[in-house]
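Engineer: Sequence and predicted structure below; questions after.
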Amino acid sequence: MAKHERFHLKTLEELKNKMGEMKLSFPLSEDFSVMYDNVKIGTHTIPNRFVVHPMEGFDSAPDGAPGELSFRRYRRYAEGGSGLIWYEATAVLNECRTNPGQFWLHKGTLSVFKKLTDDTRKVAQNVFGSGHRPLSILQVTHSGRYSKKNGKPCPIIAHHSEVLDPIHKLGKDYPLITDDELDALQETYVQTAKLAYEAGFDGVDIKSCHRYLLSELLASFTRENSRYGGSFENRTRFLRETAAKIKKAVPQLIVTSRLNVFDAIRYPYGWGVSKDDEKKADLTEPLQLIKMLREIDYPLLNVSIANPYFNPHWGRPYDHPIVGMNPPEMHPLEGVANIINIAAEVQKAFPEMPVIGSGYTWLRHLLPYAAAGSVKEGWATLIGQGRGAFAYPDSVKDIKEKGGMDPNKSCIACSACTQLMRDGDKTGCVIRDSRIYGPVYRAARARSEDTLKKEAERCRNCEFANCSAGCPASVDVPGFIKAFERGDIKEAYEILKKCNVLPELCAYVCPSEVQCEQHCMETILKGAAVPVREIQKYVSKKARELGLVVARVPEKANGLKAAVIGAGPAGLSCAVDLLEKGYSIDLYDKRKVVGGTPDDVIPAYRLTVGDVLSETGEILK
């Protein structure tokens, strides 16, 4: 395995030489015309062989409806000319979204999804003529162990994994999703597929990759005494039965999958891996499953490998890792070759089925040579771009009209889009779409844990702290800052809560720039204060996720009862304080929800109401 290095290839000849030096093999061709053949997919014909892969933007409305940036993204894809647009991962339930901004298709959002598909098609036809109709596939998903309900991690797992459970801090007694729940979930997928058809999609992708729930089921060798674990038949049951039910319910709809065929996770916790070496693929079971899916009438397949959260260098070769991750041992070009070769094994096993190849983006402007070579040699029928489409949505048009891709418009595999996803913000190409995503990236990095810990190191832990003197609540600012720096979220939160029952709400609305931060000595010495407010936001949110945001009610009540009028911040603070002193409380408000002033009059730029006000509900449980 060659050492990791960044991309330094200007010409096709340099690529060939590098491949020879590394003893790598995949086909290359200088004839790009093959990429613009019409391709038949079931009863549909698409105008070329390029596919936009389902890269999430995480920019939906709170109810899961595509937002303004979502429409912008798909308009750009439509203007770019790809023959197939594979719409991003869309949750089948609210509790299985991996991000509060992830798409979620339900009856309440159906009309917006329909507008999105209509808008995308109209844009494509306005640019390329009425005969150009890109195929539209919607990826429907359950995030499994990566689920976050209202932004709070709530893993839903199919089996215990000695590889992944420690990362998620899941003990051996953490519950598995039950067979009955999986039976019911099949029907949820069917209902979502019906809505997808109503919304104007040509097909649905039952997402079975990247170690989300269905991908995890395929590797559930250790799930015992279950109809969804152990044997090959049981591990593949959910995907097979759900696909068949969707096909029966909506026969006009294409049913397919983006399918992991190689996890690169050791057996028995990985799928498609050699039992002796997780770095080697064994496609025996994946090919057996694909044969069964073909019998259900899968007209195409989108091939994927690895887990972007655990071993991203296998599935998305990159130059720069995300923060906190070391560069892998594997050379990115070796990663590209692995993905191309694995997809080729699938395509050669099923030559009559269009297979979508992945992993080409790291090649930048040299991508068309590998794409055309793979197609000409029968290694793939269609070529997908994920990060590449984020960065360069009009690459398909440029290849046809200008004879190639512009290296100054291509994705540079910098992982900034992935970093945005990890930081929980809207995603897009930070470099090539910098007007939109540059500010988003900088803001997300400024409030990330690693950045805030570096900032916390600047706190001088003053004995008579100016920052605390500048705080109307007299919070021990150095105390909670230093606890956070040590990684002690519980202590940091307890220090905050001593003076303020609602520290997260306070962090959003407090004018810290003229209070604690203005009085920070670092303002004088370094020209910038320690970011007290951002650290308080982070600590409070993390405490909520860890279940620390609760009232400490004494075991024995004091026998007294009080009524609190008004469920705004003052009323809630009073109620919590009384509860912790042993009072029984009746809380009254003219509305049925808590919130008061923050929900009514504080502007959105100061307060993210939906997320933060859940803090009050957590406290009063």
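Structural biologist: Good, I have the coordinates.
Engineer: Check the burial of residue 488 by counting its neighbours.
Structural biologist: Counted by other C-beta atoms under 10 Å, the residues lying close to residue 488 total 15. For the C-beta atoms, the positions are set from N, CA and C on the backbone; glycine is no exception.
Engineer: Correct me if wrong: residue 446 contacts residue 533.
Structural biologist: No - between residue 446 and residue 533 there is no contact, the gap being 11.3 Å when judged by C-beta atoms under 8 Å.
Engineer: which residues of the stretch 401-550 of the chain fall in helices?
Structural biologist: 416-422, 434-446, 449-456, 466-469, 477-485, 489-499, 503-509, 516-519, 521-525, 532-545 (DSSP state H, counting those that start in this stretch).
Engineer: Okay, now the sheet partners of the following helix or strand past the longest one, with direction.
Structural biologist: Using DSSP states H and E, the next helix or strand after helix 532-545 towards the C-terminus is strand 561-565. For strand 561-565, the paired strands and their directions (DSSP bridges) read strand 584-588 (parallel).
Engineer: helices and strands of this structure: which one bottoms out on pLDDT?
Structural biologist: Lowest by mean pLDDT, DSSP states H and E among the helices and strands of the chain is helix 609-612, with a mean of 48.
Engineer: which one of residue 446 and residue 533 has more residues nearby?
Structural biologist: residue 533 (21 against 13).
Engineer: residue contacts, that one?
Structural biologist: Neighbour list for residue 533: 507, 510, 512, 513, 516, 517 [criterion: C-beta atoms under 8 Å, 6 or more residues apart in numbering].
Engineer: Could you pull out the strands in the stretch 51-200 of the chain for me?
Structural biologist: 84-91, 103-104, 135-141, 148-149, 152-153 (DSSP state E, counting those that start in this stretch).
Engineer: thinking again about what came up before, ok, which pair from the contacts of residue 533 is furthest apart?
Structural biologist: The distance between the two most remote of the contacts of residue 533 (C-beta to C-beta) is 12.6 Å, for 507 and 513.
Engineer: Could the C-alpha coordinates of the helix or strand where residue 333 lies be exported in CSV?
Structural biologist: According to DSSP H and E, residue 333 maps onto helix 332-349. The C-alpha coordinates for helix 332-349 follow below in CSV (Å, rounded to 0.1, in the frame of the first residue of the first chain):
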residue,chain,number,x,y,z
PRO,A,332,-5.9,8.2,-3.0
LEU,A,333,-5.2,6.8,-6.4
GLU,A,334,-5.2,3.3,-5.0
GLY,A,335,-8.6,4.2,-3.5
VAL,A,336,-9.9,5.3,-6.9
ALA,A,337,-8.6,2.1,-8.5
ASN,A,338,-10.3,-0.1,-5.8
ILE,A,339,-13.7,1.5,-6.3
ILE,A,340,-13.5,1.3,-10.1
ASN,A,341,-12.4,-2.3,-10.0
ILE,A,342,-15.1,-3.4,-7.5
ALA,A,343,-17.8,-1.7,-9.6
ALA,A,344,-16.3,-3.5,-12.6
GLU,A,345,-16.7,-6.9,-10.9
VAL,A,346,-20.4,-6.2,-10.4
GLN,A,347,-20.9,-4.9,-14.0
LYS,A,348,-19.1,-7.9,-15.5
ALA,A,349,-21.3,-10.2,-13.4
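Engineer: The closest residue to residue 424 other than its chain neighbours: what's it in contact with?
Structural biologist: Distances taken as C-beta to C-beta, 6 or more residues apart in numbering put residue 99 closest to residue 424, at 6.4 Å, once the chain neighbours are dropped. For residue 99, the contacting residues are 56, 58, 148, 151, 421, 424, by C-beta under 8 Å, 6+ apart.
Engineer: try it again with 10 Å
Structural biologist: 56-60, 89, 91, 143, 146-148, 151, 421, 424-427 (C-beta atoms under 10 Å, 6 or more residues apart in numbering).
Engineer: go on, residue 173?
Structural biologist: residue 160.
Engineer: Name the nearest residue to residue 90, sequence neighbours excluded.
Structural biologist: residue 103 (3.9 Å).
Engineer: State the number of residues packed around that neighbour.
Structural biologist: Residue 103 - counted by other C-beta under 10 Å - has 31 other residues nearby.
Engineer: Out of the strands of the stretch 51-200 of the chain, which is closest to residue 487?
Structural biologist: Taking the strands of the stretch 51-200 of the chain one by one with C-beta to C-beta, strand 152-153 is closest: 17.4 Å.
Engineer: Just the pLDDT for residue 599.
Structural biologist: On pLDDT, residue 599 comes in at 69.
Engineer: right, so of the strands of the stretch 51-200 of the chain, which gets closest to residue 64?
Structural biologist: strand 103-104 (2.6 Å).
Engineer: Name the residues that touch the closest one?
Structural biologist: Contacts of strand 103-104 (C-beta under 10 Å, 6+ apart): 54, 56-67, 70, 87-97, 109, 112-113, 116, 138-141, 192.
Engineer: Go again with 7 Å.
Structural biologist: 60, 64, 66, 88, 90, 91, 94, 97 (C-beta atoms under 7 Å, 6 or more residues apart in numbering).
Engineer: Any idea how far that strand is from the middle of the chain?
Structural biologist: Offset of strand 103-104 from its chain centre (C-alpha atoms, centre = their mean, to the nearest Å): 12 Å.
Engineer: now the strands of the stretch 51-200 of the chain as CSV including mean pLDDT?
Structural biologist: As requested, the strands of the stretch 51-200 of the chain are exported to CSV (pLDDT from 0 to 100):
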stretch, mean pLDDT
strand 84-91, 98
strand 103-104, 98
strand 135-141, 98
strand 148-149, 87
strand 152-153, 86
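Engineer: Need those strands in JSON lines (columns: distance to residue 269).
Structural biologist: Formatted as JSON lines, the strands of the stretch 51-200 of the chain follow (distance: least, C-beta to C-beta, whole Å):
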{"stretch": "strand 84-91", "distance to residue 269": "23"}
{"stretch": "strand 103-104", "distance to residue 269": "29"}
{"stretch": "strand 135-141", "distance to residue 269": "21"}
{"stretch": "strand 148-149", "distance to residue 269": "22"}
{"stretch": "strand 152-153", "distance to residue 269": "20"}
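Engineer: what about the ones you listed, which gets the closest to residue 362?
Structural biologist: strand 84-91 (19.4 Å).
Engineer: between that closest one and strand 135-141, how big is the angle?
Structural biologist: 20 degrees (axes from the mean of the first three to the mean of the last three C-alpha atoms, to 10 degrees).
Engineer: So which elements touch strand 84-91?
Structural biologist: The contact analysis (3 or more C-beta pairs under 7 Å, 6 or more residues apart in numbering; DSSP states H and E) places strand 84-91 against strand 50-52, strand 103-104, strand 135-141.
Engineer: Only the buried residues of the strand or helix carrying residue 45, if you could.
Structural biologist: Per DSSP H and E, residue 45 falls inside strand 44-46. For strand 44-46, the neighbour count (16 or more other C-beta atoms under 10 Å) marks 44, 46 as buried.
Engineer: how much distance is there from it to the middle of the chain?
Structural biologist: 29 Å.
Engineer: ok, residues contacting it?
Structural biologist: 38, 39, 83, 84, 134, 135, 202.
Engineer: And for residue 93, the neighbour number?
Structural biologist: Neighbour tally, residue 93, other C-beta under 10 Å: 19.
Engineer: From residue 189, how far out is it?
Structural biologist: 10 Å (C-beta to C-beta, to the nearest Å).
Engineer: pretty sure residue 225 belongs to a helix, no?
Structural biologist: No - in this structure, residue 225 is coil, not part of a helix, as judged by DSSP: H, G, I helix; E, B strand; the rest coil.
Engineer: check contacts around it.
Structural biologist: Residue 225 neighbours (C-beta under 7 Å, 6+ apart): none.
Engineer: pLDDT score for it?
Structural biologist: So, for residue 225, pLDDT stands at 96.
Engineer: same thing with residue 620?
Structural biologist: Residue 620 is given a pLDDT of 59.
Engineer: likewise residue 570?
Structural biologist: Note on residue 570: pLDDT of 86.
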